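S.K.: sequence unknown, structure follows:
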């Protein structure tokens, strides 16, 4: 399988008042077409910087970012993004929010085809009947689902999720994990998920990448069997072992040894 | 619902007028000390033509000043909102300019452009009212969450597209909040100039002539007319706000 996203030896530093602050140092990442990679690591280790690299919003100081066999030189319309903050436009209805990318990305869809596409996605995530509501009338989980539809409406090759479920309660989050699996079956995409939640990582992804503390490099990669799962898979001994391994790796990334007090 | 919306403020006005009338009557004040509402009606009847002419002059100059304030305020706000350097450079200047009492600027402007009464009045109305607009636009633009920009930028949208699709609509509630303040300020500006400059026009000049002739009911009548104009303009702004930024108001549920 060809790698859709290929990141090789990326270094990047932010200019601050106190001098350059290195955030990424020797980052490697490869995501196969149709793959779903979760990225975990200590907070502030540069995970969000990674999403900006893939989206072409940031050009690294050193190293290469390849998307579909071409180096990334700037933003590309083939990327969809969703953040922890759903950032829906309050003055638009839900369906108009979902259709926003179609107003910017060149496409051959007529206005009514655009509406149909948005309607179809909203139905897929369980928001049928909420098309004409304002974002302020929806719950946090529903807003996040609408944000997901907006990220997918222009059929992006790559879906970047930056802690999209971080602000939701545990049960809503589990619902959305299930929805992610359903969506991926209907609307195949290549995904990069940034998360703090190890259970979320092993439930959704087929690869889990652990980044080291700042400046971040690739520290550990866990491979899982791809394909849809049910929530029960999280309670198997294999899942417990994976969580334990990842946890150990995070501790190492934080600079603590196993057994140290938190 | 509509009865309540109109009836309650109307009742408040009537109660205020009655209290005022009672206060004057109970203290036995003559009308050169404090005119009462019942003194105002004869004043309006006697000078009705003047009120219409002068009121219109005050109104159009205030609105003209406001429009210039909106244009300049939005321009300055955009410059400061998009550029940190310009914000650092312009903020102290603007705050300093705003801190100067405009009453002290009136004679300077009147001397600078002698005889250009309309121009001077519009100028003062503009000078006194553009500051809140510039500040609100600059704050609205500079506090735009980066995720909003990233959503559009990652799709390859230009800066202009981001401004029209996100930055501008998102700033509208702040803009209308500032415009409400600016409306009342612009009235103050117009009247300062009208009162101070000799051979002035507008309600301010009418007030001044009332003062010269010791016609106290006329002076009070002018004040009430100004208040009425202010209320009308304010609610026009509220009306526009409901159309263009009504989404920002949370529906009680």
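M.R.: Received, thanks. Remember, predicted model here, so these are calculated numbers, not experimental data. Residues are numbered from 1 along each chain as shown, chains lettered A, B, ... in the order given.
S.K.: quick one, strands of the stretch 151-262 of chain A?
M.R.: For the stretch 151-262 of chain A, the strands defined by DSSP state E, counting those that start in this stretch cover A:158-162, A:190-194, A:207-211, A:218-223.
S.K.: go on, the stretch 1-150 of chain A?
M.R.: Counting by DSSP E, counting those that start in this stretch, the strands of the stretch 1-150 of chain A are A:3-16, A:19-32, A:36-40, A:62-67, A:70-71, A:79-83.
S.K.: between these, which gets nearest to chain B?
M.R.: Smallest distance to chain B across the strands of the stretch 1-150 of chain A (Cβ to the nearest Cβ): 4.8 Å, for strand A:79-83. Bear in mind the C-beta positions are built from the backbone N, C-alpha and C, glycine included.
S.K.: could you check whether that closest one is close to chain B?
M.R.: Yes: using Cβ under 8 Å from any Cβ of the partner chain, strand A:79-83 reaches chain B at A:79, A:81, A:83.
S.K.: how about TSV for the residues you listed, with neighbour count added?
M.R.: Output for the residues of strand A:79-83 next to chain B, formatted as TSV (neighbours: other Cβ atoms under 10 Å in any protein chain shown):
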residue	neighbour count
A:79	24
A:81	28
A:83	25
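S.K.: returning to that earlier point: so which of the strands of the stretch 1-150 of chain A comes closest to residue A:248?
M.R.: Taking Cβ to Cβ, strand A:36-40 is the member of the strands of the stretch 1-150 of chain A nearest to residue A:248, at 12.3 Å.
S.K.: Name the surrounding residues that touch stretch A:75-85.
M.R.: By Cβ atoms under 8 Å, 6 or more residues apart in numbering or on different chains, the list of residues contacting stretch A:75-85 from outside reads A:51, A:54-57, A:67-68, A:101, A:104-106, A:144, A:147-148, A:150-154, A:156-164, A:166-167, A:189, B:145, B:147, B:150-151, B:153-156.
S.K.: ok, and the closest non-adjacent residue to residue B:64?
M.R.: Spatially, and ignoring its direct neighbours in sequence, residue B:64 is nearest to residue B:122 (4.7 Å; Cβ to Cβ, 6 or more residues apart in numbering or on different chains).
S.K.: that older thread, turn the strands of the stretch 151-262 of chain A into TSV, including distance to chain B.
M.R.: Listed next are the strands of the stretch 151-262 of chain A as TSV, based on distance: least, Cβ to the nearest Cβ, whole Å:
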stretch	distance to chain B
strand A:158-162	8
strand A:190-194	13
strand A:207-211	20
strand A:218-223	23
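S.K.: Any idea which of those strands gets closest to residue B:101?
M.R.: Among the strands of the stretch 151-262 of chain A, strand A:158-162 sits nearest to residue B:101 (Cβ to Cβ), with 50.3 Å.
S.K.: Name the residues of the closest one that are buried.
M.R.: A:158, A:159, A:160, A:161, A:162 (16 or more other Cβ atoms under 10 Å in any protein chain shown).
S.K.: In these, find the pair that's most separated.
M.R.: A:158 and A:162 (12.7 Å).
S.K.: any idea which element the residue in the stretch 1-150 of chain B positioned nearest to chain A lies in?
M.R.: Using Cβ to the nearest Cβ, residue B:147 is the residue of the stretch 1-150 of chain B that sits closest to chain A, at 4.5 Å. Here residue B:147, judged by DSSP states H and E, is contained in helix B:146-153.
S.K.: So what's the predicted local confidence for the most centrally placed residue in chain A?
M.R.: By Cα atoms, centre = their mean, the mean C-alpha position of chain A lies nearest to residue A:161, the distance being 2.0 Å. At residue A:161 the predicted local distance difference test score is 91.
S.K.: Name the nearest residue to it, ignoring sequence neighbours.
M.R.: Closest to residue A:161 by Cβ to Cβ, 6+ apart is residue A:193, at 4.6 Å.
S.K.: what's the burial count for the one you found?
M.R.: 25 (other Cβ atoms under 10 Å in any protein chain shown).
S.K.: residues in contact with it?
M.R.: Residue A:193 is in contact with A:36, A:37, A:38, A:39, A:161, A:164, A:200, A:201, A:204, A:205, counting by Cβ under 8 Å, 6+ apart.
S.K.: Which pair in those has the greatest spatial separation?
M.R.: The largest separation in those, counting by Cβ to Cβ, is between A:37 and A:164 at 14.7 Å.
S.K.: Quick check on the two: which one has the bigger neighbour count.
M.R.: Taking neighbours as other Cβ under 10 Å, residue A:37 and residue A:164 compare with residue A:164 leading, 27 against 22.
S.K.: need the contact list for that one.
M.R.: A:82, A:83, A:84, A:144, A:147, A:148, A:176, A:193.
S.K.: near chain B, which residues of chain A show up?
M.R.: Counting by Cβ under 8 Å from any Cβ, chain A sits next to chain B at A:52, A:55-57, A:74-77, A:79, A:81, A:83, A:85, A:87, A:89-91, A:100-101, A:103-105, A:134, A:136-137, A:150, A:154, A:160.
S.K.: So which residues on chain B come close to chain A?
M.R.: So chain B meets chain A at B:145, B:147-148, B:150-157, B:161, B:165-166, B:169-170, B:172, B:245, B:247-248, B:250-251 (Cβ under 8 Å from any Cβ).
S.K.: 6 Å instead, please
M.R.: B:147, B:148, B:151, B:153, B:154, B:155, B:156, B:157, B:169, B:247 (Cβ under 6 Å from any Cβ of the partner chain).
S.K.: Go through the residues you listed and say which is closest to residue B:133.
M.R.: After measuring the residues of chain B next to chain A against residue B:133 - Cβ to Cβ - the closest member comes out as residue B:169, at 16.6 Å.
S.K.: Remind me which helix or strand that closest one belongs to.
M.R.: Per DSSP H and E, residue B:169 falls inside helix B:168-196.
S.K.: Output the contacting helices and strands for that helix.
M.R.: Other elements packing on helix B:168-196 under the criterion 3 or more Cβ pairs under 6 Å, 6 or more residues apart in numbering or on different chains; DSSP states H and E are helix B:48-82, helix B:102-112, helix B:117-142, helix B:202-212, helix B:216-245.
S.K.: burial measure for residue B:211, as a count.
M.R.: 14.
S.K.: pLDDT weak spots in the stretch 51-200 of chain A?
M.R.: Applying pLDDT under 70 to the stretch 51-200 of chain A flags no residue at all.
S.K.: Reformat the residues of strand A:79-83 next to chain B into TSV and put distance to residue A:6 next to each item.
M.R.: Listed next are the residues of strand A:79-83 next to chain B as TSV, based on distance: Cβ to Cβ, whole Å:
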residue	distance to residue A:6
A:79	15
A:81	19
A:83	24
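S.K.: and which of these is nearest residue B:18?
M.R.: Using Cβ to Cβ, the residues of strand A:79-83 next to chain B come closest to residue B:18 at residue A:83, 57.9 Å.
S.K.: returning to what we had before: for the residues of chain B next to chain A, which single residue is the most surrounded?
M.R.: Most neighbours among the residues of chain B next to chain A, by other Cβ under 10 Å: residue B:151, with 28 neighbours.
S.K.: Give the helix, strand or coil label for residue B:92.
M.R.: Look at residue B:92: counting by DSSP: H, G, I helix; E, B strand; the rest coil, its state is helix.
S.K.: ok, it - how many residues close by?
M.R.: Applying other Cβ under 10 Å, we find 9 residues neighbouring residue B:92.
S.K.: Could you count how many residues lie near residue 180?
M.R.: If you meant another chain, say so; for now it's chain A. If we define neighbours as other Cβ under 10 Å, then residue A:180 has 23 of them.
S.K.: wrong one, chain B
M.R.: Count around residue B:180 with other Cβ under 10 Å applied: 16.
S.K.: Next up, phi/psi of residue B:155, please.
M.R.: With angles defined as degrees, to the nearest 10, residue B:155 sits at phi -90, psi 0.
S.K.: Not including adjacent chain positions, what is the nearest residue to it?
M.R.: Closest to residue B:155 by Cβ to Cβ, 6+ apart is residue A:104, at 4.7 Å.
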